[in-house]
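Prediction below, plus the sequence it came from.
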Amino acid sequence: MPKGQELHLASLFVSLICAGVVFSGPVEKSEVSKNSKVPFTCDAYCITGTSRGKEVRLTLTPIKEEGEPQASPGGKACQPVHIVFRFGMSDFFRFTAGSEMPKHAHLRFYANETPRRALSFVDVRRFRSWEPNGDWQTDSGPCIMFEYQSFRANVLSNLSDRAFDETISEAMLNQNFFNGIGNYLRAEILYRLKIAPFMKARTVLGGLFPKKRELPEVKPEQGQCQPHQAVRGTIPRNQMITFQAWLQCYYVPGMKSLRDHNGRTIWFQQGVKEEPPAKGIKKEKGGVQKRVKSHDESKKMREQEKGLKEQ
DNA sequence: CGTCCACGTCTAC
DNA sequence: TAGACCTGGACGG
């Protein structure tokens, strides 16, 4: 499951789970989190989720009742609020009973029910940040999923950028150009397309100029921030294949792995077209091939599946 | 127990 | 180019 799609699933999850649920009161932050508080409170609001690249955005929308001006207990009018989350290694949303709040739930939205249930943002390593009143990060590139043509154009019209001096493998982690690509996705993409991971990015991508692949244009203003079909109850459950089964290269026994310049592990298949690793790329990892599981990954997918099944 | 590793980015030398 | 930021699971002794 590609990174972008995974985040898309996270946003689908929120929209599906929260459809029809009325939330109420303040947004609660864990004591231990260093992120900003979310200064939002409202007697009745709903939550929807959308995604763009590596970000997920929740929208808290006050529910208006006929003839009643919507006001918070403090007297200030409720306005819709966007919270943008930068997603990473160990984070996901869950919707549980308030008494069964997951460990490491750092941001909590309570439903107006008794007993209360809560949507929570779970971030085990606390690496993630969120921005109240935030919008999509301005310096990250177009979404690889929902802004495909913009994404493509942004890459191909900037091939002189120094970012493309890197190997294709390393360049693909640059979020200015590949917003949504993560470590396992670069491995899976390069493997499936049989692209040598240590070729210079410009060499690989320069070859794409002549033929333009025609895909339906997804306009940024339409594609990136629509509430998803899940709101209408059509979550693609059959697509919730386990992450592990989906992987063909990343962490797969028999594949090679090296450490890149940023200390990230590159997974790849040693192929006939493979040139020697570019200079500067370091030590081969030993012993790791024995490990079959990508436990973090499968755990996260299990969490997401579990969350859906519980509903 | 300890060590290594993890879907990532930021900051400082 | 290192750390820093964090928790926790797998694995080795």
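Alright, I've got the coordinates.

Now the closest residue to DNA strand C within chain A. Nearest residue, chain neighbours left out?
Nearest to DNA strand C in chain A, going by Cβ to the nearest atom of the strand, is residue A:125, at a distance of 3.3 Å. Using the backbone N, CA and C atoms, a C-beta is placed for each residue, glycine as well. Among residues not flanking residue A:125 along the chain, residue A:90 sits closest, at 4.9 Å (Cβ to Cβ, 6 or more residues apart in numbering).

What's the local residue count around the one you found?
16 (other Cβ atoms under 10 Å).

picking up where we left off before, let's see the pLDDT reported for the residue of chain A closest to DNA strand C.
Here the pLDDT value assigned to residue A:125 is 94.

remind me which residues of the stretch 201-311 of chain A are low pLDDT?
Scanning the stretch 201-311 of chain A for pLDDT under 70 picks out A:209-242, A:272-311.

close to DNA strand B, is stretch A:259-270?
Yes: counting by Cβ under 7 Å from any atom of the strand, DNA strand B is contacted by stretch A:259-270 at A:262, A:263, A:264, A:265.

wait, which of those residues is closest to DNA strand B?
Nearest to DNA strand B among these: residue A:265, at 3.4 Å, using Cβ to the nearest atom of the strand.

Surely that closest one touches residue A:259?
Yes: contact status for residue A:265 versus residue A:259: in contact at 6.1 Å, counting by Cβ atoms under 8 Å.

Kindly reformat the residues of stretch A:259-270 next to DNA strand B as TSV containing neighbour count.
Output for the residues of stretch A:259-270 next to DNA strand B, formatted as TSV (neighbours: other Cβ atoms under 10 Å):
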residue	neighbour count
A:262	8
A:263	7
A:264	14
A:265	15
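
Which members of those are the farthest-apart pair?
Across those, the longest distance by Cβ to Cβ is 10.2 Å; it joins A:262 and A:265.

Neighbours of residue A:193, how many?
For residue A:193, using other Cβ under 10 Å, the count is 8.

Quickly note the distance from it to DNA strand B.
Per Cβ to the nearest atom of the strand, to the nearest Å, residue A:193 is found 19 Å from DNA strand B.

which residues sit in contact with that residue?
Under the criterion of Cβ atoms under 8 Å, 6 or more residues apart in numbering, residue A:193 has no contact partners.

residue ranges of the strands in chain A, please?
For chain A, the strands defined by DSSP state E occupy A:23-26, A:28-29, A:41-52, A:55-62, A:81-86, A:91-97, A:105-110, A:117-123, A:130-132, A:256-259, A:265-268.

Can you give the contact residues for the second one?
For strand A:28-29, the external contacting residues (Cβ under 8 Å, 6+ apart) are A:35, A:36, A:37, A:38, A:106, A:107, A:108, A:109, A:110.

Isn't the first one up against residue A:134?
Yep, that's residue A:35 we're talking about. No: Residue A:35 is not in contact with residue A:134 according to Cβ under 8 Å; the separation is 11.2 Å.

Beta-bridge partners for residue A:132, please?
Under the criterion DSSP bridges, residue A:132 forms beta bridges with residue A:83.

before we move on, what about residue A:48?
Beta bridges link residue A:48 to residue A:59, judged by DSSP bridges.

how about stretch A:46-66, does it reach DNA strand B?
Yes: applying Cβ under 7 Å from any atom of the strand, one finds stretch A:46-66 touching DNA strand B at residue A:54.
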